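K.L.:
Here's my sequence, what's the structure:
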Amino acid sequence: MRALELFAGAGGLALGTEKAGFEHVAVAEWNADACSTLRRNRPHWNIIQGDVRQLNYSDIGSNIDLVTGGPPCQPFSLGGRHKAWNDERDMFPEAIRAVREIRPRAFLFENVRGLARQSFSTYIEYIILQLTYPSLLRKTNESWQEHLSRLEQHHTGTGGNNPEYKVIPPRVLNAADYGVPQRRDRIFFVGFRADVNAKWSFPEPTHSQYALQVSKWVTGDYWRERNILPTQPTPSSKVIAQLSQISIDSLLTPWVTLRDAINDLPDPRLNTGISNHVYQSGARPYPGHTGSLLDEPSKTLKAGDHGVPGGENMIAFPDGTYRYLTIRESARVQTFPDDYTFEGSWSEAMRQIGNAVPVELAARITKHIYDALILAEPQKLHLKRCV
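P.N.:
The predicted structure follows:
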């Protein structure tokens, strides 16, 4: 099956899509260092470097099964300016244009958890309705609120009987719940063309925080299997009693910790010879930014506009010392393969990783889409274009 990736960054989502079984007809990204990373690691991919607003989809071809992408998140990020639809970096209109012009059988778009905030609820409704009726374009000099009103009237009128795409209600997923060694919440938009008889739902979690807590404080398996003493304070007897009441047989797999992700890598202060595994000095904690504990999933890796955010990209060791995660360690946290090399300076490579979708989470979701498309039987519907 054929896929097109937009806003690809360093390729986390694209790698997961590839792992799920899709073949990329093109991968589009504007950042030069990110494109260098893509070309170095996937030289057979058709990498399109440039502004997606200038992309002519007729040059890419037809019969594309899946369009994916992560429109720039800064307009909605908790750490950004929250300008949303007033931010020139809001690329959801371009994601919707791709769906309108390509007419893929399915799409997947992701963004930061901040987009799920109540203050953006109306804009989420606007995104969903545009993806449901992508051919109902915004008119010249029409505000987005006026366009939303027109979409709502179309949806509640006769247009609601003939959607162009069936859009699943967007959901926030925590990557740690799918075996990624990182607490990382992202919102996902998934939809299928109305003539595709796809029976789809978000994949169920495979890992849980409860299971990790039980393995630490009830069975002790976590510490025993790693041959280490507990590095965290023992919870209260009340908490342990509550954990002891949980049926172990009902638990999922424990969350994967930062230690599990990076423990086999040597100290980067040594001359390791491992690609992208180089020590970076200067790590220090400050209020609200105290690094990631070794025996918990990493905090969310972030990509700052003005360099690497300190606290989120550090390890907080049990002895009270700190250091930055190396590029290779950060890639492990985002579940990139070890043979994947990042181009650019340290801060630029860390930005690429911080912006990425964890590969394994992307693979889980897009494999569900792949399977649904394989099983789907086209419905004979008359798809009336909106005017």
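
K.L.:
so what are the domain limits for this structure?
P.N.:
2-205+357-375, 207-251 (automatic domain parsing).

K.L.:
and the shortest one, average pLDDT?
P.N.:
So that's domain 207-251. On average, the pLDDT along domain 207-251 is 95.

K.L.:
Look at that domain and report the distance between its end residues.
P.N.:
8 Å (Cα to Cα, to the nearest Å).

K.L.:
chain center to it: distance?
P.N.:
29 Å (Cα atoms, centre = their mean, to the nearest Å).

K.L.:
hey, which helix is longest across the chain?
P.N.:
Across the chain, the longest stretch assigned as helix under DSSP state H is helix 359-375.

K.L.:
List the buried residues for that one?
P.N.:
The neighbour-count check on helix 359-375 (16 or more other Cβ atoms under 10 Å) flags 359-370, 372-373 as buried. The C-beta positions use only the backbone N, C-alpha and C, and glycine is treated the same way.

K.L.:
Columns pLDDT on top of these, output as JSON lines?
P.N.:
Output for the buried residues of helix 359-375, formatted as JSON lines (pLDDT from 0 to 100):
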{"residue": "359", "pLDDT": "98"}
{"residue": "360", "pLDDT": "98"}
{"residue": "361", "pLDDT": "98"}
{"residue": "362", "pLDDT": "98"}
{"residue": "363", "pLDDT": "98"}
{"residue": "364", "pLDDT": "98"}
{"residue": "365", "pLDDT": "98"}
{"residue": "366", "pLDDT": "98"}
{"residue": "367", "pLDDT": "98"}
{"residue": "368", "pLDDT": "97"}
{"residue": "369", "pLDDT": "98"}
{"residue": "370", "pLDDT": "97"}
{"residue": "372", "pLDDT": "96"}
{"residue": "373", "pLDDT": "96"}
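
K.L.:
is it fair to say residue 190 lies in a strand?
P.N.:
Yes: counting by DSSP: H, G, I helix; E, B strand; the rest coil, residue 190 falls inside a strand.

K.L.:
Contacts only, for it.
P.N.:
106, 107, 108, 167, 168, 170, 200, 202, 365, 369 (Cβ atoms under 8 Å, 6 or more residues apart in numbering).

K.L.:
hmm, try it at 7 Å
P.N.:
108, 168, 369 (Cβ atoms under 7 Å, 6 or more residues apart in numbering).

K.L.:
tell me the mean pLDDT over the host helix or strand of the first one?
P.N.:
For residue 108, the host element (DSSP states H and E) is strand 106-112. Strand 106-112 shows an average pLDDT of 96 in the prediction.

K.L.:
try stretch 28-44
P.N.:
For stretch 28-44, mean pLDDT is 97.

K.L.:
likewise stretch 60-69?
P.N.:
Stretch 60-69 comes out at a mean pLDDT of 92.

K.L.:
cool, stretch 315-323 as well?
P.N.:
Stretch 315-323 comes out at a mean pLDDT of 94.

K.L.:
Over to it now: how far is its first residue from its last?
P.N.:
Per Cα to Cα, stretch 315-323 runs 6 Å from first to last residue.

K.L.:
Please identify the buried residues of that stretch?
P.N.:
315, 316, 322, 323.

K.L.:
go on, stretch 176-192?
P.N.:
For stretch 176-192, by 16+ other Cβ under 10 Å, it's 176-184, 186-192.

K.L.:
One more: stretch 47-58?
P.N.:
Buried residues in stretch 47-58 (16+ other Cβ under 10 Å): 47, 48, 52, 55, 57.

K.L.:
of all those, which comes closest to residue 4?
P.N.:
Closest approach between the buried residues of stretch 47-58 and residue 4, by Cβ to Cβ: residue 57, at 8.2 Å.

K.L.:
Not counting residues beside it along the chain, what's closest to residue 207?
P.N.:
Nearest residue to residue 207 in three dimensions, chain neighbours excluded: residue 253, at 4.8 Å (Cβ to Cβ, 6 or more residues apart in numbering).

K.L.:
Next, count neighbours for that neighbour.
P.N.:
14 (other Cβ atoms under 10 Å).
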